[in-house]
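Trainee: Have a look at this prediction, sequence included:
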Amino acid sequence: MNAEEFNYVKKKIRELTQFDLDNYGHNQMIRRLDGYIARFKVRNVVQYCKLIERDKHELEKLKKFLTINVSEFFRDAVQFRLLQDEILPSLLKKNLGLNIWSAGCSNGAEAYSVAILLDRLSPYRKHRVLATDIDKAILNQAATGGPYGAAEVRNVPPALLEKYFIKNDGNFRVIDRICNKVTFGLHDLTQDRFENHFDLIICRNTVIYFSSETKKILRKKFLDSLKVNGILFIGATETMLDARDNGFQRLSACFYRKKSGVPEKSQEPVVSSGSTK
Ligand SMILES: C[S@@+](CC[C@H](N)C(=O)[O-])C[C@H]1O[C@@H](n2cnc3c(N)ncnc32)[C@H](O)[C@@H]1O
């Protein structure tokens, strides 16, 4: 599709879904949309837009395609081991109860993985795990604790699978006690206000689709939302090369600590756009 066609689709998608493609990398988005629209028997993008205007089901499918909401428990096991063995213990030494945000949480597997780790590392303290996403349908599924397929729990060690999940018909559901430790909420990283005072922000495999300008803005907002010495946990392919200039100390490719001396913002009320649980 050419630039004019992209602008047309972009405008239509914004009207129908409030999803603003301007925040996403254009070339990559055009390639993905071209591939997606080619699956339909339409002559051009205008015809495709007519289709999503009249067919709610196709519109939902498009939203699902745009948000790419795949996730799994302990996704990237090496990083979760680091989280369990070093990052969380060091945060727990300095704070009684942790305030954690999984931003772009998809089906909740990431947030539940952290809740499971906290249950093992510090079962008697009260922590808060906030999990947000732009996709209401996936949040509703996440808030009920599943069900998750075998592929989504493949990294869960057998003993944890036994302890924290209920198996039914080949699928897995997170036990209520862990479900109750995570609060889900609708939040658009590009539009909504950020809460402050987090000990740990996890935002992985979400901003990779955003334009470099949006990524830069988000990095600054994450920095502002962390307490001093708070940690940002990002995806393996999202390494921050200029961490120091952005107010972070690099701990590893995926973990960055907010440097002391960077001001903290005062604590503000919770995420705006309505909570699922
Ligand atoms: C690939 S998933 C990542 C899930 C999880 N963080 C992980 O790494 O397994 C990306 C998620 O980002 C969400 N997302 C996309 N744009 C967003 C936005 N503007 N604000 C909040 N979430 C967004 C999508 O709905 C999707 O669930």
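Mentor: That came in fine, so what should we check first?

Trainee: Is the helix or strand of the chain with the lowest mean pLDDT positioned near the ligand?
Mentor: Ranking every helix and strand in the chain by mean pLDDT, DSSP states H and E puts helix 56-67 at the bottom, with a mean of 87. Yes - using C-beta under 6 Å from any ligand atom, helix 56-67 reaches the ligand at Thr67. Every C-beta, even on glycine, is put in place using the N, C-alpha and C of the backbone.

Trainee: what comes up buried for the helix or strand following that helix?
Mentor: Downstream of helix 56-67, the next assigned helix or strand under DSSP states H and E is helix 77-82. Neighbour-count burial for helix 77-82 flags Gln79, Phe80, Leu82 (criterion: 16 or more other C-beta atoms under 10 Å).

Trainee: picking that back up, helices or strands up against the least confident helix or strand of the chain?
Mentor: Applying 3 or more C-beta pairs under 8 Å, 6 or more residues apart in numbering; DSSP states H and E, we find helix 56-67 packed against helix 3-17, helix 26-37, helix 45-54, helix 136-143.

Trainee: any idea which of these is most buried?
Mentor: When the helices and strands packed on helix 56-67 are scored by mean count of other C-beta atoms under 10 Å, the highest mean neighbour count falls to helix 136-143 (a mean of 19).

Trainee: what's that helix in contact with?
Mentor: 60, 63-64, 67, 69, 105-108, 111, 131-133, 179, 184-186, 276-277 (C-beta atoms under 8 Å, 6 or more residues apart in numbering).

Trainee: do the same with stretch 101-111
Mentor: Against stretch 101-111 from outside (C-beta under 8 Å, 6+ apart): 69-73, 75, 114, 129-135, 138-139, 141-143, 145, 148, 152, 174, 182, 184, 187, 189, 195, 198, 200-207, 222, 225.

Trainee: That stretch near the ligand at all?
Mentor: Yes - Stretch 101-111 is in contact with the ligand by C-beta under 6 Å from any ligand atom, via Gly104, Cys105, Ser106, Glu110.

Trainee: okay if I get those as CSV plus secondary structure?
Mentor: Shown next, in CSV, are the residues of stretch 101-111 next to the ligand (DSSP: H, G, I helix; E, B strand; the rest coil):
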residue, secondary structure
Gly104, coil
Cys105, coil
Ser106, coil
Glu110, helix
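
Trainee: I'd say Leu59 and Leu16 touch.
Mentor: Yes - if you go by C-beta atoms under 8 Å, Leu59 and Leu16 touch, sitting 6.0 Å apart.

Trainee: Identify the contacts common to those two.
Mentor: In contact with both Leu59 and Leu16: Ile52, Glu53, using C-beta under 8 Å, 6+ apart.

Trainee: and the protein, which residues reach the ligand?
Mentor: Residues of the chain lying near the ligand (C-beta under 6 Å from any ligand atom): 67-71, 75, 104-106, 110, 133-135, 138, 187-190, 204-206.

Trainee: show me where pLDDT drops low in the protein?
Mentor: When residues are selected by pLDDT under 70, those of the chain lie in 262-277.

Trainee: doesn't Gln249 make contact with Ala243?
Mentor: Yes - with contacts counted by C-beta under 8 Å, Ala243 reaches Gln249, the gap being 6.9 Å.

Trainee: any shared contact partners between these two?
Mentor: Common neighbours of Ala243 and Gln249 (C-beta under 8 Å, 6+ apart) are Tyr256.

Trainee: Identify the residue nearest the geometric centre of the protein.
Mentor: Gly104 (1.7 Å; C-alpha atoms, centre = their mean).

Trainee: Run a quick neighbour tally on the nearest residue to that one once chain neighbours are set aside.
Mentor: Excluding its sequence neighbours, the residue lying closest to Gly104 (C-beta to C-beta, 6 or more residues apart in numbering) is Thr206, at 2.9 Å. Here the number of neighbours of Thr206 (other C-beta atoms under 10 Å) works out to 24.

Trainee: Can you tell me what sits against stretch 74-86?
Mentor: Here stretch 74-86 has contacts from 109-110, 113-114, 117, 120-121, 155-156, 204-205, 233, 235-236, 252, 254-255, using C-beta under 8 Å, 6+ apart.
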